[in-house]
Structures are given as structure tokens and as C-alpha cells.
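S.K.: Fold the following and give me the result.
(2 chains)
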Amino acid sequence: MSSVLPAVTHAEWTKLRSVRSTVWSLVATIGITVALGMLFCFAYTRRFDRLGLRERLTFDPTAQSLRGLFLAQLAIGVLGVLVISSEYATGLIRTTLTAIPQRRVVLTAKAIVFGVVAVVVTMIAVFIAFFAGQAVLQNKHLGVSIGDPHVLRAVVGAGVYLTFVGLLGLAIGTIVRRTAGAIATLVGVVLILPLLAQALPSPWNDDIGKFLPGGIGTALFSVRSVADRLSPAAALVVAILWLVGAFAIATVLISRRDA
Amino acid sequence: MIDVRGLTKRYGSTVAVDDLSFEVAPGRVTGFLGPNGAGKSTTMRLILGLDTANAGTATINGARYATRRFPIDEVGALLDAQALHPGRSAFHHLLSLAQSNRISKRRVEEVLGLVGLADVAGRRAGPFSLGMKQRLGIASVMLGDPQILLFDEPVTGLDPEGIVWIRNLFHRLADEGRTVFVSSHLMSEMALTAQHLVVIGRGRLIAEDSVDRITSAAGSRVRVLSPQGEQLARLLTNEGATVQTNDGALSVTGLDAARVGDLAATHRITLHELTPQRASLEEAFFELTEDSVEYHGGDAKRPAARAGAPQ
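M.R.: Okay, the predicted model is just below:
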């Protein structure tokens, strides 16, 4: 495996960068994160004068500038799905697995290449979104600085969360294989599951919800800590456990199934 | 050398490949012939380790394909020329394959020239014609300059020029001592392309022999035209021949042309034509696969195919 992995990683990098839709998905991820973040910040400044004291005190300017994540996570997640599901859709996966019979190496190389690209792109997205959002909020002197307590952690946490959803998409794409089904599953896990959890009677709704992707995300990119959420460190551990579980299933399936 | 032994693959209750055994030797083009749905593609996927067999083994040069680390300089395979990312250029498609097996970029440019795609290498492969995609597929097979080559239905969708090109390529590869294994449901094409045939139907081996022997085993006929056709037909039948009449001509099996001529002379019967006819590969193929095709809608107890090669 050791000597095969660098070669396959090189090949996967070529595959990723040589398709225009990759570039567009990445641009969309950045664009959505930044534009929506600015829009939410702008809307808040317009409402600010009418808000009560309690709402003003609980306001999290960092999280506000990162609210584009709820949509951006789908852009990066769908790209993660497509990294492998597009190969199943075209039949290219058979060519890939004929050239590289070590299937686990193929999945590992895809995860490395996509993971690195996702980290770089999503970090660019969240930092631009943060600074742009704070600039908007500064009109009402509400902006915070990246040097303020927990702010840097929250911004980095937002990038980590987006990368987490992207990699989750890759694992789900490997498991489900069909693009439409995999995207539906991803949306289900990321958006629908937290809603269903909220419908549960208290305290189960919060107890379960904080371990789901939505709760993990909120914990990672919020500056304020709230009682019914995980700490950022715990949320990171839970996110890693999600990925370990998803990739364990994906690895078993890609190794055992007929291609 | 490809060695298939007792290979069996089931999908649920359907048996796609049924206890199949054959060898593919180097230095000649071996055609893998059978009707659609006979199990040709499944067998190829099993040989390449893409699907897992329920029983039996398929080895290439003595080892299972899946155990190889960088296989494409030893084995090249083209299963589906359409299996491309439509948005990726021909060059990048080949480059990624080359990189995965530590093959140089220069070789990518070489094979693009070899198949005549150098001018369009930078274009997205999606809008390529099927012929161009087949050429790109062949370029990917040639990347590693392998000794063993497998092609699944490579002439499907090619224009006549492309068919001749690919046929000549196969002959050249075989002449260089390589193992060339080509599946097709077109017997006429295999008659021109292959020297050796593995014929399957319903997942089972029907025949494995040279093209010449398979066609001659299908039986030779003598075509006879005579103004005294009915009299001659009676005579020939009495001598043990089988005679069919169509359009006034007699089609005789069981006696050779010389014997038919002698009989006619002895009984003073005039002959206008006396022609020995060899069965075409098509006829041989139909005769061989008749049982397995009939079986489609037939009685489940009926044997799927005649086993063993005709002598």
C-alpha cells in the first residue's frame, strides 16, 4: 500500500483539478459562504435598533458572519459525493479499479486529495466571510476582531465543519454510489436528522441533537458556549468519530462489493 | 496467458457464468464469442477482479489480477469505451491513469499519437464520437505497453474504417507475441479478427477451438443443380445423405462433392452445378448456440448447451 498510495494520490489530484465542475463547486462554496454571511450581517444591522436588550446581549457577531454555512455545507458536501459517485455514474470506477486493484488505496487517496482541497478552500471561505461580515457589522460598531477571545477558534472551527461535511459526502457517495441517492442521504443526515431530533421530547431533543452534524457545527463555530451544546473540543472529537464510522463502512463496502 | 478454471458467478438465482474453463494463449487473437447476455462481460470482470466469483479461479500469468500493485504495464483492459468523465480532457484522463501506475507523461503523449488523437487531446472527452472514445480506450490500454490485452466488444459502434484499423491493430499485437482476448457477439467480425475462439452461451463453454476447425465442424455441404433433381435426391438419400431442396437446388450433407458427382454419372443424371460449400462462422455459431438460445423461453430441465468442443 505504501508505494501505491503516493502514485494514486497524484492521479486523484489530476482527476480533481481537471474537471471544471470541481472548480465551480469550490467557487460556489466560497461565494455562498461570503455572500450569505454579509447578507445576514447586513440584515442584522438593519434590525438592530428595534431589538431588545436580551437579544443584543446574546448576539454572536462571529457566528452571524458565518451563517452562510448552512447552504455552503451542501455545496462542499455535494462535491464530496461527486468525487466518487461521478465515477460510478459513468462507469469510470471500473477503469480506476482495474488500474488500481487495491480499492482501499483508491478511497484513501480520494479522501486525502479532497480533504486537503476542502480544508484550503473552506478556510479561505470562512476567513473572507468573517472579515467581510465584521466590516458590515462595523457600520453599527458591532464587529469583533479576530484577536478577541474564542473568535479565531470559531472561524477555524467553521472551516473544519465544512471540511467535515465534505468528507462525510465522500464517504456517503462511496456507500450509496448513486449521485442522487447520496446527495439525498447527505441532506438527510446534515439537515433533516437535526430537525427530527428537535421534534423529540425534551431533554432527548438536545441530548441527541448535539451529537448530530448540525449540533457539531454550531458548537465548532460559535464564540459563546451554551449549556446544551458540546464544547468545541468535544464537538471535534464527535466529528472525527462520525468520519471514522462513515469511512469504515465505505471501506468495507468498496472492498467487498462487485464494482 | 489467461487461465480460467471452473469459474462460476451467480447474481441472486441467476447463474451468469457457469463452471467456465478455458485458456487464452499468447501470440494469437482469441475471440470470446457468444450471444448477448451469454456472460462475456461478467467473465471479463471476474478475470480483472472487479467482480468476485462464487467458485473457480481466473488467473493471469499464474496470479489473480487483484494481487497486483501496478498492473497496467502487464495487463491492459478496455471494458467500456464510454466510461469517461464527460468533462475531463482525453489527455487528463490518460494522465491520471498513467500517474496511478507511475507511467510517464511522455508515454501519454506517445499513445495519443499512436491512436491518432493528439490533435484533440486537450478537448473534453464527453462530446467525442464513439469511434474517438474507442480510440481513447485503446490508448489507455496501450499506456503500459502490456503483454496481455482484453477488449470487451471493441468494434461496437465503429465505422468500417475504424473496424479495419482495430482489426489490424489486434493482428499486429498478436504477431508481436502478445495475448489478445476480444469479446464480441458478431461472429462475422470474429471470423476476420480471431484465430482462436472461445464460444459461450448461457454462461457455459460451448466450444474452444481454432476458427478453422469450428467452421469445418459445423459441416460442409454440397450444392447441386440438376434438371433431374427429384431422381437425384432419391438416390442421394438412399446413399445415406441428407438432402434439402431450396429454389430447385439441392443442398446435400453427408456425402462429398466427388461422391455426388460419381453417383450422378453412374445413373446418367445431368448436373448443371456441383459446388462444395463450407459453413460460414455464422452458421457454425448458430448451430453451436442454437440450444442455448432456444433455452431462453424453454423447458428448465433442458440442458443449457452442448458441452465440450467439437472435434
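S.K.: Longest helix in chain A, please.
M.R.: helix A:103-137 (DSSP state H).
S.K.: Same check on chain B?
M.R.: Every helix in chain B considered (DSSP H), the longest is helix B:160-175.
S.K.: helices or strands next to that one in the packing?
M.R.: Using 3 or more Cβ pairs under 8 Å, 6 or more residues apart in numbering or on different chains; DSSP states H and E as the contact definition, the elements that helix B:160-175 packs against are strand B:28-33, helix B:130-142, strand B:179-184, helix B:187-193. Just so you know, the C-beta spots here come from the backbone N, C-alpha and C atoms, and that holds for glycine as well.
S.K.: Can you list the neighbours in contact with it?
M.R.: Contacts of helix B:160-175 with the rest of the structure, by Cβ atoms under 8 Å, 6 or more residues apart in numbering or on different chains, involve B:27-29, B:131, B:134-135, B:138, B:149, B:151, B:154-155, B:158, B:180, B:182, B:189, B:192-193, B:195.
S.K.: Got a PyMOL select line for the buried ones in the residues you listed?
M.R.: To isolate the buried subset of the contacts of helix B:160-175 in PyMOL, counting by 16 or more other Cβ atoms under 10 Å in any protein chain shown, use the following:
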select buried, chain B and resi 28+29+131+134+135+138+149+151+154+155+158+180+182+189+193+195
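S.K.: Tell me who's in contact with residue B:142.
M.R.: Contact partners of residue B:142, counting by Cβ under 8 Å, 6+ apart, are B:76, B:111, B:114, B:115.
S.K.: and the gap between it and residue B:96?
M.R.: Applying Cβ to Cβ, to the nearest Å, one obtains 16 Å for the distance of residue B:142 from residue B:96.
S.K.: ok, back up a step: by contact count, what packs against the longest helix of chain A?
M.R.: Taking 3+ Cβ pairs under 8 Å, 6+ apart as the contact cut, helix A:103-137 packs with helix A:4-17, helix A:20-47, helix A:61-65, helix A:69-90, helix A:92-99, helix A:151-176, helix A:232-256.
S.K.: tell me what the strand or helix carrying residue B:213 is packed against?
M.R.: When secondary structure is defined using DSSP states H and E, the element that contains residue B:213 is helix B:211-217. With contacts defined as 3+ Cβ pairs under 8 Å, 6+ apart, the secondary structure elements packing on helix B:211-217 are helix B:187-193, strand B:196-201, helix B:281-294.
S.K.: ranking the ones you listed by burial, who's on top?
M.R.: strand B:196-201 (a mean of 27; mean count of other Cβ atoms under 10 Å in any protein chain shown).
S.K.: thinking again about what came up before, ok, of the contacts of residue B:142, which one's closest to chain A?
M.R.: For those, the residue nearest chain A by Cβ to the nearest Cβ is residue B:76; the value is 9.1 Å.
S.K.: What residues does chain A have near chain B?
M.R.: A:3-4, A:7-8, A:10-12, A:14-15, A:18-21, A:86-87, A:90-92, A:94-102, A:256, A:258-259 (Cβ under 8 Å from any Cβ of the partner chain).
S.K.: Return a ChimeraX selection command for the buried portion of these.
M.R.: One line in ChimeraX is enough to select the buried members of the residues of chain A next to chain B, burial here meaning 16+ other Cβ under 10 Å:
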select /A:4,7,8,10,11,12,14,15,18,19,86,87,90,92,94,95,96,97,98,99,100,101,102,259
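S.K.: Return the distance of residue A:196 relative to residue A:4.
M.R.: 42 Å.
S.K.: And residue B:274, by the same measure?
M.R.: Applying Cβ to Cβ, the value for residue B:274 to residue A:4 is 67 Å.
S.K.: Next: residue A:259.
M.R.: From residue A:259 over to residue A:4 the distance is 17 Å, taken as Cβ to Cβ.
S.K.: Repeat that for residue A:39.
M.R.: 46 Å.
S.K.: rewinding a little: kindly reformat the helices and strands packed on helix B:211-217 as a markdown table containing distance to residue B:19 and mean pLDDT.
M.R.: Shown next, in a markdown table, are the helices and strands packed on helix B:211-217 (distance: least, Cβ to Cβ, whole Å; pLDDT from 0 to 100):
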| stretch | distance to residue B:19 | mean pLDDT |
| --- | --- | --- |
| helix B:187-193 | 23 | 85 |
| strand B:196-201 | 11 | 93 |
| helix B:281-294 | 14 | 66 |
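S.K.: and those as JSON lines, adding distance to residue A:243?
M.R.: Listed next are the helices and strands packed on helix B:211-217 as JSON lines, based on distance: least, Cβ to Cβ, whole Å:
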{"stretch": "helix B:187-193", "distance to residue A:243": "50"}
{"stretch": "strand B:196-201", "distance to residue A:243": "45"}
{"stretch": "helix B:281-294", "distance to residue A:243": "50"}
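S.K.: one step back: now go through the contacts of residue B:142 and say which are in strands.
M.R.: Using DSSP state E to define strands, the subset of the contacts of residue B:142 located there is residue B:76.
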